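**Q** Predicted coordinates and the sequence they were generated for:
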Amino acid sequence: MEIARFIFNAFAENTYLLFDETKECVIIDPGCNNEFEESSLIKFIRNQGLKPVKLINTHFHIDHVLGNHFISSQFQLIPEFHEEGMFFFDRQEDIADKYGMNYNGSKKPEQFLSEGDLIRFGHTTLKVIHVPGHSRDSICLYNNDDKILISGDVLFQGSIGRTDLPGGDYDTLIEGIKTKLFTLDDSTRVFPGHGESTTIGDEKVYNPFFRY
Ligand SMILES: [Zn+2]
Ligand SMILES: [Zn+2]
């Protein structure tokens, strides 16, 4: 599986494209919020000859969904995310106003993602790992063949997601990371929703939230 990263919008959010040799591709957390960002994403997809087949949000915070409308209209895709994300889905216009962001809305999911679900595209499978605490709807996506984890705003290089937003809970987040992510192989590469990639092994050793 190959992975391409784009850094979009005022929150410096990581948008990921996952694809394999079949050229089928999954768009994760499209944060594109202006024409330049939208066209850079489209150009990459065209140049690589990719065929987007799924639109997935790791959680429904504004910075991760700003491009949902654009992606849906370009590729006729309906977003998939965890059902708890509907809390934000129903309030997103107000939240966008508060942050002064230009939000064009999002299509409503036809199905939700939950713990243990398998997402298939091309020859690739992603497993859904539900890790609430930053947000109730936070999911991570794990590819076992290449040991890659898309961690959303759950686990960052040297940090964890903030827990002071609605539905956040510090103890739940710490426990979820310990029991569901730190049990993955140390060599697993972690691609977070903000900042640089890391590995599970490095975070166990260097992340200040997990030093005893
Ligand atoms: Zn978030
Ligand atoms: Zn974020």
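**A** Now that the structure is in, tell me what you want to look at. Ligands and ions are numbered 1, 2, ... in the order given.
**Q** what sits up against the helix-or-strand element of the chain with minimal mean pLDDT?
**A** Within the chain, confidence by mean pLDDT, DSSP states H and E is lowest for helix 92-99 among all helices and strands, at a mean of 93. Here helix 92-99 makes contact (Cβ atoms under 8 Å, 6 or more residues apart in numbering) with Ala10, Phe60, Ile62, Val65, Phe88, Asn102, Tyr103, Gly105, Ser106. Heads up, the C-betas are built off the backbone N, CA and C, glycines and all.
**Q** how about a cut-off of 10 Å?
**A** 9-11, 60-63, 65-66, 68, 85, 88, 91, 101-106, 165-166 (Cβ atoms under 10 Å, 6 or more residues apart in numbering).
**Q** Those also near ligand 2: which ones?
**A** By Cβ under 5 Å from the ion, the members of the contacts of helix 92-99 lying near ligand 2 are Asp63.
**Q** hmm, the least confident helix or strand of the chain touching ligand 2?
**A** No: under the criterion of Cβ under 5 Å from the ion, ligand 2 is not reached by helix 92-99; the shortest gap measures 11.7 Å.
**Q** now for the longest helix seen in the chain, which elements pack on it?
**A** In the chain, taking DSSP state H as the definition, the longest helix is helix 35-48. If you count contacts as 3 or more Cβ pairs under 10 Å, 6 or more residues apart in numbering; DSSP states H and E, helix 35-48 packs onto strand 2-8, strand 13-19, strand 24-28, strand 51-56, helix 68-75.
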